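Predicted model and sequence follow; I will ask about them next.
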Amino acid sequence: MIRVLVVDDHVLIRKGIVLLLENYLDIEVVGEAGDGAEAITQAISLNPDVVLMDVSIPNGLDGFTATQEIHKQMPNVKIIMLTMHNEVAYIQKAIAVEAHGYILKNSQGGILYEAIHAVYSGRVYYNVGIPQEQMDKLFEHKGHEDQCILTVREQEIMRLTVLGYTNIQIAGQLYISSKTVENHKSNIMQKLDLSNKAELIQYGLANNYM
């Protein structure tokens with residue numbers, strides 16, 4: 001029997017996941033949590049085999065931070081990130097905090113079941129709808145998360161650049177100076193090991209920054 005803790009701030013979504021998992025005879029939902037702090041407390045108290053962790057938890061600790069804290073105190077617990085985001089920056093962050101799995105909330109129920117069994121058996125399970133070759137490259141950056149994760153502002157600048165906005169236009173959109181935009185672009189290229197604007201745009205197109 002695989003013991004599972006479900007973490008999601010949306011009650012309807014959380015209850016829906018619980019109902020889905022209750023259909024499986026080899027899975028037992030041992031608890032629920034609605035925020036990051038509660039997730040940590042419940043994990044320590046209940047000692048689940050697998051935690052299903054919502055990425056975007058408001059009111060305090062987000063899913064990534066909660067994952068790190070659970071890992072520190074309970075290194076044997078397997079954690080699967082649940083999210084609507086398939087952007088590379090989110091996937092990189094999940095890899096950086098050593099999440100064992102990452103699946104989208106709009107996945108079929110069978111995917112969730114498969115993911116739980118995969119991580120429970122010691123495998124990594126990332127079902128994010130991008131080519132395996134690209135996933136392999138993302139995992140190659142593991143351990144270098146500071147260099148590969150884009151901030152929210154950097155992601156927005158990447159998106160606008162891919163859409164063809166000039167630095168001045170981006171500055172106007174984001175209410176910052178064009179010099180700040182240029183600095184952000186330099187940081188992006190350094191983090192992603194890109195040499196010029198053309199490579200930046202190519203990377204943005206390949207990773208759905210549109």
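That came through fine.

in this structure, which spans are helices?
In the chain, the helices defined using DSSP state H lie at 11-21, 36-46, 63-73, 88-96, 109-120, 132-140, 145-148, 152-162, 167-174, 178-192, 197-206.

Out of those, the one nearest residue 80 is which?
helix 109-120 (5.4 Å; C-beta to C-beta). Quick note: C-beta positions are derived from backbone N, CA and C, even for glycine.

so the closest one versus helix 11-21, what angle?
Angle between the axes of helix 109-120 and helix 11-21 is 80 degrees (criterion: axes from the mean of the first three to the mean of the last three C-alpha atoms, to 10 degrees).

just to revisit the earlier point, please identify the most buried of the helices of the chain.
Burial of the helices of the chain is given as mean neighbour count (mean count of other C-beta atoms under 10 Å); helix 88-96 ranks first at a mean of 22.

any idea of the mean pLDDT in that one?
Average pLDDT, helix 88-96: 83.

CA atoms only for it, dumped as CSV, please.
Output of helix 88-96 as CSV, limited to C-alpha atoms (Å, rounded to 0.1, in the frame of the first residue of the first chain):
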residue,chain,number,x,y,z
VAL,A,88,10.9,25.6,-18.5
ALA,A,89,11.6,27.9,-15.6
TYR,A,90,9.2,25.9,-13.4
ILE,A,91,10.5,22.6,-14.5
GLN,A,92,14.1,23.8,-13.8
LYS,A,93,13.1,24.8,-10.3
ALA,A,94,11.4,21.5,-9.6
ILE,A,95,14.7,19.8,-10.7
ALA,A,96,16.6,22.2,-8.5
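
tell me how far it is from the chain's mean position?
Using C-alpha atoms, centre = their mean, to the nearest Å, the mean C-alpha position of helix 88-96 is found 5 Å from that of the whole chain.

Quick one: list the elements packing against it.
Here helix 88-96 touches helix 63-73, helix 132-140, helix 145-148, going by 3 or more C-beta pairs under 8 Å, 6 or more residues apart in numbering; DSSP states H and E.

can you rerun that using 10 Å?
helix 63-73, strand 78-83, strand 101-104, strand 125-127, helix 132-140, helix 145-148, helix 152-162, helix 197-206 (3 or more C-beta pairs under 10 Å, 6 or more residues apart in numbering; DSSP states H and E).

Quick one: work out the angle between it and helix 63-73.
Angle of helix 88-96 versus helix 63-73, following the same axes, to 10 degrees, is 10 degrees.

could you check the angle helix 178-192 makes with helix 88-96?
Going by the same axes, to 10 degrees, helix 88-96 makes 50 degrees with helix 178-192.

quick one: contacts for residue 125?
Contact partners of residue 125, counting by C-beta atoms under 10 Å, 6 or more residues apart in numbering, are 78, 80, 99-103, 111, 114-119.

Domain ranges for this structure, per the record?
2-145, 150-206 (automatic domain parsing).

ok, back up a step: tell me which of the helices of the chain lies nearest to residue 126.
Closest approach to residue 126 among these (C-beta to C-beta): helix 132-140, 6.1 Å.

avg pLDDT for that closest one?
Rounded to a whole number, the mean pLDDT of helix 132-140 is 76.

what about it, distance to the chain center?
Per C-alpha atoms, centre = their mean, the centroid offset for helix 132-140 relative to its chain is 15 Å.
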